[in-house]
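Participant: Structure for this input, please:
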Amino acid sequence: MEEKLKEIANSIPEVKSLSIVDEEGFILYKFDKPGLDVDPEEISVHIVNPVKTLVESIEDISGEKDSLEEMVLFTEKHVLLVYKLVNDTYLVALAERDHLYGKIRFKLRAKLNEIKLSL
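Facilitator: Sure, this is the predicted structure:
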């Protein structure tokens, strides 16, 4: 799986880190490009609990189950993308902030089925 993440990250230059995190915040697989100015592991671990809480709230309000398709968070320098995978696992992608972040989203979403099948 690490090789798959490395392949995906290297095919999208803006992506600096990819992690697959379980529902409790444990990193199952990860790939980080060298030279990062933030700790992607720390970000990945701490993002899962708020995402789960938000998803549960949305499910309670809307009645939709497994409603998370994608979550995008922006910081001054980065874009953080979170996707629900299978069995309460999440793909967390850390990318450089770019005005063409839609391109990053499109390329990552195109790889989601590959990741899911590999899990």
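
Participant: quick one: which helix or strand includes the nearest residue to Leu73 once chain neighbours are set aside?
Facilitator: Excluding its sequence neighbours, the residue lying closest to Leu73 (CB to CB, 6 or more residues apart in numbering) is Leu80, at 4.3 Å. C-beta coordinates here come from the backbone N, C-alpha and C atoms, glycine included. Using DSSP states H and E, Leu80 sits within strand 78-84.

Participant: now Glu59
Facilitator: Taking DSSP H and E as the criterion, Glu59 maps to helix 40-62.

Participant: Flag every buried residue along that helix.
Facilitator: Pro40, Glu41, Ile43, Ser44, Val45, Ile47, Val48, Val51, Lys52, Val55 (16 or more other CB atoms under 10 Å).

Participant: Now do the same for the most centrally placed residue in the chain: helix, strand or coil?
Facilitator: For the chain, the residue nearest the mean C-alpha position is Val92 (1.9 Å; CA atoms, centre = their mean). Judged by DSSP: H, G, I helix; E, B strand; the rest coil, the three-state class of Val92 is strand.
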